[in-house]
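Participant: fold the following and give me the result.
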Amino acid sequence: MKLVKNASTVADDWTHVADDDELPEGKAVVVSLDRFRADRDKLVGRNAPLGLRLKSNEAPSSVAEDLGRIALVALEFPIFRDGRGYSHAVQLRQRFGFDGEIRAVGDVLWDQIPHMIRCGIDGFEVGDDFPLAAFEEARAVFTHHYQPDATGKPTIIELRHG
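Facilitator: Next up is the predicted model:
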């Protein structure tokens, strides 16, 4: 797997920790919602960045009060037809004011990337064979939009009348 941000492959400094594994000392970790609920006090008390991995059926509202302690939310896209991750990303950005990294994990298709970016997703875990050119192309497909989105870019109407 590779991590893509801004159409470039970047190093992934996060360690995904299984529910029954020990936490590595001083390293940024990503844990499941079950692990977070079970070890909340221990996790938020660590002196290292904390990430949370949410399945598509796990709403971000369940951790809204703790989002200030979380630096990364990895949203699972188990299959391309499951769009709940889009809604979760918008909720994280707009309703809860989350300003950390939102990462798409799982079944990411190149033609979904522009929509994912508009929802506030800024990192993508994809297979090693996923072409980087698809990210650059997807970011350039639409430069202006009629509807507001989670990125805060002005809409076409705002640009015309601004």
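Participant: what helices and strands are in contact with the helix ranked longest in the chain?
Facilitator: As assigned by DSSP state H, the longest helix anywhere in the chain is helix 33-44. If you count contacts as 3 or more CB pairs under 8 Å, 6 or more residues apart in numbering; DSSP states H and E, helix 33-44 packs onto strand 29-32, strand 50-54. The way it works is simple: take the backbone N, C-alpha and C, and place the C-beta from them, glycine included.
Participant: between these, which gets nearest to residue 75?
Facilitator: Closest to residue 75 of the helices and strands packed on helix 33-44, according to CB to CB: strand 50-54, at 5.6 Å.
Participant: direction included, what does the helix or strand following the closest one pair against?
Facilitator: Counting by DSSP states H and E, the next helix or strand C-terminal to strand 50-54 is strand 72-77. According to DSSP bridges, strand 72-77 forms sheet pairs with strand 50-54 (parallel), strand 101-106 (parallel).
Participant: got CSV for those strands, with mean neighbour count, distance to residue 136 and mean pLDDT too?
Facilitator: Shown next, in CSV, are those (neighbours: other CB atoms under 10 Å; distance: least, CB to CB, whole Å; pLDDT from 0 to 100):
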stretch, mean neighbour count, distance to residue 136, mean pLDDT
strand 50-54, 23, 26, 98
strand 101-106, 22, 17, 97
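Participant: could these go into TSV alongside distance to residue 151?
Facilitator: Below are the strands paired with strand 72-77 laid out as TSV (distance: least, CB to CB, whole Å):
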stretch	distance to residue 151
strand 50-54	21
strand 101-106	12
